[in-house]
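Student: Just the structure for this:
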Amino acid sequence: EERWLFDEMGATPFWETWEPLYVNASYVDGTAVALCVPTIITSVIVVTMACLINLQATKQTMNMPQVDVAHEMKVFGWANVIASFFIAAPGYTQIKFTLLNFHILNNRTDKKPGLFAGTFALVMLLGGFRLINYLPRLTVGMLLIYAGLP
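Tutor: The predicted model follows:
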């Protein structure tokens with residue numbers, strides 16, 4: 001039997017996953033955290049180099065020589081520092097989405113797409129699986145294909 005929607009998933013508030021770590025630190029294995037430090041340092045270096053490469057590619061492709069790379073790197077760094085306090089993965093810039101947005105809007109200064117994407121992500125985070133239950137399979141499939149295109 002084929003259906004348009006996924007099977008319904010149970011809903012839990014998003015903070016319940018992290019509560020045991022903040023309430024009782026004995027759940028955290030210090031040696032495991034220490035063993036992750038070299039990997040974290042390596043990923044910070046790789047993500048920083050990727051950000052520099054992507055910034056340069058964006059400047060060249062969109063003909064924007066006035067972009068302040070130092071300022072962008074500071075913003076990128078602070079965003080990752082703030083994300084680390086919430087046990088999040090480091091951020092990563094994707095030039096293909098920047099260029100796609102530019103080619104669709106033909107505008108370098110419009111902030112509406114970024115605000116829409118951020119609002120959508122926040123709504124999905126706070127709404128959880130209750131909202132995902134009502135997204136058709138086709139929509140989720142198209143998003144996965146779009147994200148995987150080179």
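Student: C-alpha only now, for contacts and for neighbours.
Tutor: Will do.
Student: Show the subsequent helix or strand relative to the helix or strand where H71 lies.
Tutor: Assigned by DSSP states H and E, H71 belongs to helix 69-85. Proceeding C-terminally, helix 69-85 gives way to helix 95-105 as the next helix or strand, assigned by DSSP H and E.
Student: For the helix holding H71, give me every contacting residue.
Tutor: Defining contact as Cα atoms under 8 Å, 6 or more residues apart in numbering, one finds that helix 69-85 is touched by 51-52, 55, 89-91.
Student: If we use 6 Å, what do you get?
Tutor: P90 (Cα atoms under 6 Å, 6 or more residues apart in numbering).
Student: Would you mark the buried spots in it?
Tutor: Using 16 or more other Cα atoms under 10 Å as the test for burial, helix 69-85 gives 76-77, 80.
Student: How far off centre is the helix ranked longest in the chain?
Tutor: In terms of residue count, the longest helix belonging to the chain (DSSP state H) is helix 30-61. On the basis of Cα atoms, centre = their mean, to the nearest Å, helix 30-61 is displaced by 14 Å from the centre of the chain it belongs to.
Student: before we move on, what about stretch 124-133?
Tutor: Taking Cα atoms, centre = their mean, one finds stretch 124-133 lying 16 Å from the centre of the chain it belongs to.
Student: what do you get for stretch 124-136?
Tutor: Here stretch 124-136 is found 17 Å from its chain centre; the criterion is Cα atoms, centre = their mean.
Student: Check the separation of the first and last residues in it.
Tutor: Counting by Cα to Cα, to the nearest Å, you get 15 Å between the two ends of stretch 124-136.
Student: I'd like the average pLDDT over it.
Tutor: In this model, stretch 124-136 carries a mean pLDDT of 72.
Student: Please apply the same query to stretch 108-117.
Tutor: Rounded mean pLDDT across stretch 108-117 is 82.
Student: repeat for stretch 57-74
Tutor: Looking at stretch 57-74 alone, the average pLDDT works out to 85.
Student: Please report the distance of N63 from G127.
Tutor: Using Cα to Cα, we find N63 at a distance of 39 Å from G127.
Student: That should have said E16, apologies.
Tutor: Applying Cα to Cα, the value for E16 to G127 is 13 Å.
Student: Then K74?
Tutor: Plainly put, K74 is 31 Å away from G127 if you go by Cα to Cα.
Student: Ok, M49 next?
Tutor: Distance, M49 to G127, by Cα to Cα: 34 Å.
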